[in-house]
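Enquirer: fold the following.
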Amino acid sequence: MSSTNVKTLSESTRGKLKQAISNLEPFLNEHSLSQLTTPEAGEEEQAFYKGLLSDMRHLLVYSEVAYEKLGVTLRRPNFDIDYAERVLYEVYHQCVNAFFYPKNEVYSEDGRYAYTGQDAIRFRVKPVRVARDIVLGISKIFEELRDDLSYYENDYMTQRRMQGSK
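Expert: The predicted model follows:
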């Protein structure tokens with residue numbers, strides 16, 4: 001990929017990560033497990049919200065690390081294409097995958113809804129409005145990142161392996 005394309009992609013990816021961070025951070029700072037559940041909540045509901053908060057914290061950390069790495073890349077006097085591509089690869093495999101394949105499986109993406117205009121995210125338990133809103137709000141950002149960075153799913157590593165074997 002040309003340096004202009006990689007730089008533009010790095011800039012847009014950094015902007016999208018900043019959006020995700022600015023949505024996730026206030027949610028995690030303002031909401032705790034006791035605020036999301038009721039005292040009468042069952043064990044399944046408690047586990048759901050524990051998992052959701054854990055997954056969102058991981059996603060926030062991955063996003064912040066990637067955001068900083070892209071910032072370093074873009075601030076360098078000489079744009080390092082190899083480093084930028086490695087960071088974009090990490091964004092896809094850490095941030096995008098952390099969103100679409102959460103460790104605690106509190107929600108999943110149902111591809112059948114992707115083309116209908118409906119939300120493709122399906123929750124294991126019906127969440128409270130604020131939890132639903134944060135996941136669905138950032139889902140748009142991570143869908144865009146997935147589309148933008150789909151090259152880095154397989155092609156990037158294949159290209160690197162081929163260069164290494166020459």
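
Enquirer: run through who's touching the strand or helix carrying residue 134.
Expert: Assigned by DSSP states H and E, residue 134 belongs to helix 129-148. Identification of contacts with helix 129-148 by Cβ atoms under 8 Å, 6 or more residues apart in numbering yields 9, 12-13, 16-17, 19-20, 23-24, 27, 31, 36, 49, 52, 56, 59, 91-92, 95-96, 99-100, 107, 119-121, 123, 127. All C-beta atoms are positioned from the backbone trio N, CA, C, and that covers glycine.

Enquirer: what's the answer for stretch 31-49, then?
Expert: Contacts for stretch 31-49 (Cβ under 8 Å, 6+ apart): 50, 52, 53, 106, 124, 125, 127, 128, 130, 131.

Enquirer: out of the residues you listed, give me the two with the largest separation.
Expert: Using Cβ to Cβ, those reach their maximum pairwise distance at 124 and 130, which is 17.1 Å.

Enquirer: pick out whichever of these two has more residues nearby.
Expert: residue 124 (15 against 12; other Cβ atoms under 10 Å).

Enquirer: got the phi/psi numbers for that one?
Expert: With angles defined as degrees, to the nearest 10, residue 124 sits at phi -70, psi -40.

Enquirer: one step back: for the helix holding residue 134, buried residues please.
Expert: Of the residues in helix 129-148, 131, 134, 135, 138, 139, 141, 142, 143, 145, 146, 148 count as buried by neighbour count, 16 or more other Cβ atoms under 10 Å.
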